[in-house]
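Q: Sharing a model that was predicted from the sequence below.
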Amino acid sequence: MEQAMASFPQVQFHVTWRPFLLNPAQDAPKDGVDKLTMYKSKFGEQRVAQMIPRMTQVFADLGIQYSIAGKTGNTLDSHRLLTWAGKLGPAEQDRLVEALFDAYFAKSKFLGDRAVLLEAAATAGLDTKAAAAVIDDPNAMLKEVREELGRFGRGVSGVPFFIIGGSTRLSGAQPPEVFEDAFRSLLR
């Protein structure tokens, strides 16, 4: 998406990251489970066998080595933290998203781990004491996350999911050309 946005220097983009729980918090294990095992259980072995090479290539095209290793599970705390960062500003939220994506997709870290979340906040240049306060209070930002899940989560079945210009919807990892086409159609 960022590569495609760079192709339109005349456009002022506004990106807001919204929560989506691939596994709803009540169903996702707090301690996490093996990522590959969960993916196979959720999507089926055949679909996962198709997804992994595609994801690996998409990340490679961005200069990132994708990892299927590690754990996945309850990510509600990461969404509460992202919502808090969004209140600080779009740049802060974007830096936190980048740090969390790097931790999860490239470094095989579990986003349900408090230490991983605090490390991401530090990497993003955010106040780690304030971040810890959000993580440690299970009600902090919970209402906001639930409201956004209700408002933006309908019809979403996977991540990433993009809503562009309020109407164009893209699901899954997409090459920059797909975003460029979406941007062009909105600019007409």
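A: Perfect, I can see it now. Numbers count the residues shown, from 1 in each chain.
Q: and A132, that's in a strand?
A: No. Assessed with DSSP: H, G, I helix; E, B strand; the rest coil, A132 is helix; it does not lie in a strand.
Q: Tell me where the chain has strands.
A: 33-34, 71-72, 161-164, 168-171 (DSSP state E).
Q: buried ones in the last one?
A: When burial is assessed from 16 or more other Cβ atoms under 10 Å, strand 168-171 yields the following buried residues: L170. (Glycine included, C-beta is placed from N, CA and C.)
Q: Paired strands for it, with orientation please.
A: When pairing is defined by DSSP bridges, strand 168-171 lines up against strand 161-164 (antiparallel).
Q: what comes into contact with the partner strand?
A: 1, 20, 152, 168-172, 174, 179, 182-183, 186 (Cβ atoms under 8 Å, 6 or more residues apart in numbering).
Q: Now tell me what touches stretch 84-94 from outside.
A: Contact partners of stretch 84-94, identified using Cβ under 8 Å, 6+ apart, comprise 14-17, 82, 95-96, 121, 124-126, 130-131, 134, 140-141.
Q: what's the most distant pair in those residues?
A: H14 and A140 (24.8 Å; Cβ to Cβ).
Q: Of those two, give the one with the bigger neighbour count.
A: A140 (17 against 5; other Cβ atoms under 10 Å).
Q: From K87, how far out is the more buried one?
A: 11 Å (Cβ to Cβ, to the nearest Å).
Q: now do Q50
A: Distance of Q50 to K87, given as Cβ to Cβ: 38 Å.
Q: my read: S171 touches V156, true?
A: Yes. Assessed by Cβ atoms under 8 Å, S171 is found in contact with V156 at 7.5 Å.
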